[in-house]
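In: have a look at this fold, sequence not included:
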């Protein structure tokens, strides 16, 4: 089962895709949508193009687990995706995903400029891999 993972940034949206067996997440793209409607259209295109059966969206919770403004914005995107896609849309706790992405890219020796341009895509990959590792449906 192919699963698409999203990390919703303020300007960019990182996208990751699982292998057909739903075991390994891989970076796919970094989108720069012009608003929610454009984001939904781009994600719908990726879902159709790759035969995606589920979308996992990172939910940016606060350290105490509460939902702040960013989480509410993410939930609005999730609702728009649910309305538009023919695939289930699930949220996944993304706390620290950007920090983990930065750390892994530093360890890989990427320059700060290269890290910045790939951060959301790597974070999406980490979110999706955590979802897959948890054995979530």
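Out: Done, it's in. Worth saying up front: this structure is predicted, and the values here are computed from it rather than measured.
In: from here on, contacts and neighbour counts on C-alpha atoms
Out: Noted.
In: can you confirm residue 52 is in a helix?
Out: No. Under DSSP: H, G, I helix; E, B strand; the rest coil, residue 52 falls outside any helix and is assigned coil.
In: out of everything not next to it in sequence, what's closest to it?
Out: Residue nearest to residue 52 in three dimensions, not counting chain neighbours: residue 2, with 4.8 Å by C-alpha to C-alpha, 6 or more residues apart in numbering.
In: show me what contacts the one you found?
Out: By C-alpha atoms under 8 Å, 6 or more residues apart in numbering, the contact set of residue 2 is 17, 18, 19, 20, 21, 22, 50, 51, 52, 53, 54.
In: if you set the cut-off to 10 Å instead, what comes out?
Out: Residues in contact with residue 2 (C-alpha atoms under 10 Å, 6 or more residues apart in numbering) are 17-25, 47, 50-55.
In: and the strand or helix carrying residue 81, how far out from the chain middle?
Out: Secondary structure assignment for residue 81, by DSSP states H and E: helix 69-84. Chain-centre distance of helix 69-84: 12 Å, with C-alpha atoms, centre = their mean, to the nearest Å.
In: for the following helix or strand past it, packing partners?
Out: Using DSSP H and E, the next helix or strand after helix 69-84 towards the C-terminus is strand 89-93. Secondary-structure packing of strand 89-93 (3 or more C-alpha pairs under 10 Å, 6 or more residues apart in numbering; DSSP states H and E): strand 3-8, strand 54-59, helix 69-84, helix 112-133.
In: nearest to residue 37, of those?
Out: Judged by C-alpha to C-alpha, the one of those that comes nearest to residue 37 is helix 69-84, at 8.2 Å.
In: list the buried residues for that closest one?
Out: Residues 70, 71, 73, 74, 75, 77, 78, 80, 81, 82 are the ones in helix 69-84 that count as buried (16 or more other C-alpha atoms under 10 Å).
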